[in-house]
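1. After the sequence you'll find the predicted model.
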Amino acid sequence: MTKAKMKKKFKTLEWNVLIHDFNGHKFVYCNVLREDLLDDISKLAKKPFTYKELQDVIQRWAMYHYWSKCEYEFIASTHFGNDEKKIDAYMQLEMNIDRLTEYLIKELELDVNSKSSNKKTYCKL
């Protein structure tokens, strides 16, 4: 896919995270996919790349833009308030990094050499 087609397609993509709107005093969904991610992917795509390399680019991009920034953080607690956890946009992206990578590969029709088997394993309830 050409860069112009990728850019047009990228504008239609959505990957939402939950954030707190301070002005509206409510929780809202925020599409975190920004064009600078496409720029980073385009730089990587100039040569053959692996699934893991793409995943690393996405993770570094997410850390730079969303990690520990107060406008993308909120505190989640249990119903009775005896346990609290800070949740930010990066945490929501990081726990879904495999799915986000696969989504971008599929939607942007990226040619990835091989898929690494270094997937995270989560506990099953």
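-> Yep, that arrived.

2. Can you tell me which helices and strands the longest helix along the chain packs against?
-> Assignment by DSSP state H gives helix 51-66 as the longest helix of the chain. On a contact count with 3 or more Cβ pairs under 8 Å, 6 or more residues apart in numbering; DSSP states H and E, helix 51-66 meets helix 35-44, helix 89-94, helix 97-108. (C-beta placed from N, C-alpha, C; glycine too.)

3. Tell me which helix or strand comes right after that helix.
-> Reading on from helix 51-66 to the C-terminus, the next helix or strand found by DSSP states H and E is strand 73-77.

4. Who are the packing partners of that following strand?
-> With contacts taken as 3+ Cβ pairs under 8 Å, 6+ apart, strand 73-77 sits against strand 16-21, strand 84-88.

5. just those strands: most buried one?
-> Greatest average neighbour count among the helices and strands packed on strand 73-77 goes to strand 16-21 (a mean of 16), per mean count of other Cβ atoms under 10 Å.

6. picking up where we left off before, in TSV, list the helices and strands packed on strand 73-77 along with mean pLDDT and distance to residue 2.
-> What follows is these, written out as TSV (pLDDT from 0 to 100; distance: least, Cβ to Cβ, whole Å):
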stretch	mean pLDDT	distance to residue 2
strand 16-21	93	27
strand 84-88	90	35
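
7. Relative to residue 109, which of those is closest?
-> strand 16-21 (22.1 Å; Cβ to Cβ).

8. OK, contacts around the spatially most central residue of the chain?
-> Centre of the chain computed as the mean C-alpha position; nearest residue by Cα atoms, centre = their mean is residue 93, 4.1 Å away. For residue 93, the contacting residues are 15, 17, 32, 62, 66, 100, by Cβ atoms under 8 Å, 6 or more residues apart in numbering.

9. tally of neighbours for the first one?
-> For residue 15, the neighbour count with other Cβ atoms under 10 Å is 17.
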